[in-house]
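Trainee: predicted model, plus sequence, below.
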Amino acid sequence: MALLIAAAALPFFVSDYRTFQFTLVIGYAVTLLGLNILTGYNGQISLGHGAFFAIGAYTAAIMMDRWDLPYWSTIPVAGLTCLIAGFLFGLPALRLEGLYLALATFALAVATPQLLKYKGIEDWTGGVQGIVILKPSAPFGLPISPDKWLYLFALAVALAMFLMGIGILRGRVGRALIAIRDHPTAAAAMGVNTSLYKSLTFGVSALYTGIGGALSALAIGFVAPDSFGFFLSISFLVGIVVGGLASVSGAIFGALFIQFVPNIADHISKSAPWAVYGVFLVAFMYLMPTGIAGALQIAWARLARLPAKTPL
């Protein structure tokens with residue numbers, strides 16, 4: 001509760017630009033939670049979640065720009081659209097596992113920006129130019145900037161999505177996902193419908209990613225095909241590994257890494273920022289092989305085993 005109160009108060013102590021950055025962190029965190037459900041808990045490797053991120057972002061942009069619908073209504077529609085797309089993609093992907101599934105999803109990530117530029121749907125997507133949307137103002141005449149309001153709105157959406165994710169993972173469905181990841185043959189022998197669970201997991205993961213994409217589109221106020229290249233999908237995979245696989249809190253740490261480490265690397269070296277980024281990535285993997293969440297959990301467990309000091 002203290003962390004939630006601190007997160008809600010954060011935009012009132014930082015600039016609008018920093019608030020905008022933290023809004024992106026929230027969108028990335030929702031996305032990484034969805035990818036972690038698929039990869040960390042179910043064992044399906046995806047290099048194509050940038051495509052679902054783009055679908056969610058474009059769904060929100062089209063609804064606001066073409067249909068003049070309120071921003072809050074775009075979130076569930078973006079999630080539902082990606083849920084259907086992810087489930088349908090997950091059905092043929094059932095025949096693929098491991099690296100073969102990763103390559104199939106990577107093809108999806110590579111193809112999506114080109115499809116968004118297709119002239120046949122240019123009236124919807126805006127083609128190469130993309131779509132510009134206006135940031136919504138705070139309701140009820142609240143005296144806060146649009147960036148601060150969007151941050152609070154995104155925080156509320158993310159809280160609901162994280163609570164739903166925790167409920168899924170800590171229940172029977174979560175145990176089934178882990179059983180499929182660890183030993184699919186034994187899971188099937190115990191009566192787990194592995195095909196159905198894998199397809200639904202792909203759909204739910206895409207739902208989270210689409211909502212994250214919609215939140216990011218609202219925060220940025222602009223979508224374009226080149227913003228959703230294949231490197232975005234790779235960044236998401238990096239985020240869940242750095243944050244911590246099979247960890248709910250790891251999604252938050254991974255989102256902070258995705259948003260701020262490239263900026264820090266650019267400040268350190270203008271000529272070779274990605275070299276500095278690579279050094280950061282190697283250092284994180286060497287020092288925290290279980291991710292940031294895993295390292296914090298190990299540190300907390302060691303502190304808990306320390307003997308209590310006798311008071312003077």
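Mentor: In hand now; what should we look at?
Trainee: from here on, just use CA atoms for contacts and neighbour counts.
Mentor: OK.
Trainee: which parts of the helix or strand containing residue 159 are buried?
Mentor: Here residue 159 sits within helix 146-169, counting by DSSP states H and E. Going by neighbour count (16 or more other Cα atoms under 10 Å), the buried part of helix 146-169 is 146-155, 157-158, 161-162, 165, 169.
Trainee: now stretch 55-74
Mentor: Buried, per 16+ other Cα under 10 Å, within stretch 55-74: 55-64, 71-72, 74.
Trainee: could you point out which element follows the helix holding residue 159?
Mentor: helix 172-182.
Trainee: who's in contact with that following helix?
Mentor: By Cα atoms under 8 Å, 6 or more residues apart in numbering, the surrounding residues in contact with helix 172-182 are 41-44, 168-169, 186-188, 192, 194, 197-198.
Trainee: how about a cut-off of 10 Å?
Mentor: 37-44, 165-169, 184-188, 190-195, 197-198, 201, 246 (Cα atoms under 10 Å, 6 or more residues apart in numbering).
Trainee: now list the buried members of those residues.
Mentor: For the contacts of helix 172-182, buried by 16+ other Cα under 10 Å: 37-44, 165, 169, 184, 187, 192, 194-195, 197-198, 201, 246.
Trainee: which of these fall in helices?
Mentor: Under the assignment DSSP state H, these contribute 165, 169, 184, 187, 194, 195, 197, 198, 201 to helices.
Trainee: okay, those in a markdown table with distance to residue 116 and pLDDT next?
Mentor: Formatted as a markdown table, those follow (distance: Cα to Cα, whole Å; pLDDT from 0 to 100):
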| residue | distance to residue 116 | pLDDT |
| --- | --- | --- |
| 165 | 30 | 95 |
| 169 | 34 | 93 |
| 184 | 37 | 88 |
| 187 | 39 | 91 |
| 194 | 33 | 90 |
| 195 | 30 | 88 |
| 197 | 30 | 92 |
| 198 | 27 | 91 |
| 201 | 25 | 94 |
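Trainee: all good on my end, thank you.
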